[in-house]
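K.L.:
No sequence on hand, only this structure:
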């Protein structure tokens, strides 16, 4: 199989994935795999097609995920919706399955990120924002609304406890809290 035939084969395989945004990348992955196979002496057309298809599948289903997933038989089978033979623990398998099917990336602290909680500027800014919000709430809200607002947001009382103390339903407390937040937000011009 010559380069022109491999390119034609890779284009037809890439159409199968119906991913217009990744079309050229799929062709590149397939061609790269074909050329590597030819370098290793594997020139049979069916094997080249199978390996190009596998490379495209890995690219689209594993390499474009928002997290790094090891390209293995297990991750390939999980991306197709079934488990293969593995030595993973149940927790490890669940985490790999979650990574393979994830569409978002959890943002947690990494070694490359600064620890925001220990950054003095961030701490100061957070306290400054809290003070401004409390000041705006105190100036904007009536005494009864301020009592409700401060009980929930400053003293962390659950809405059920506030409702029991006031002799009203939890839903009415939540409704009043929502109105308080809207009033404070409007007064701060957010």
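P.N.:
The structure has been received and is ready for your questions. Predicted model only: the values in this text are computed from it and were never measured. Residues are numbered from 1 along each chain as shown.

K.L.:
could you say what helices and strands the helix ranked longest in the chain packs with?
P.N.:
Determined from DSSP state H, the single longest helix within the chain is helix 120-140. Applying 3 or more Cβ pairs under 8 Å, 6 or more residues apart in numbering; DSSP states H and E, we find helix 120-140 packed against helix 143-153, helix 170-187. The way it works is simple: take the backbone N, C-alpha and C, and place the C-beta from them, glycine included.

K.L.:
residues of the very next helix or strand once past the first one that come out buried?
P.N.:
Using DSSP states H and E, the helix or strand that follows helix 143-153 in sequence is helix 159-166. By neighbour count, and taking 16 or more other Cβ atoms under 10 Å as the criterion, the buried residues in helix 159-166 are 159, 162-163.

K.L.:
and the angle from helix 159-166 to helix 143-153?
P.N.:
Counting by axes from the mean of the first three to the mean of the last three Cα atoms, to 10 degrees, helix 159-166 lies at 140 degrees to helix 143-153.

K.L.:
List of residues touching helix 159-166?
P.N.:
148, 151-152, 169-170, 172-174, 177 (Cβ atoms under 8 Å, 6 or more residues apart in numbering).

K.L.:
Quick one: distance of it to the chain centre.
P.N.:
Distance, stretch centre to chain centre, for helix 159-166: 36 Å (Cα atoms, centre = their mean, to the nearest Å).
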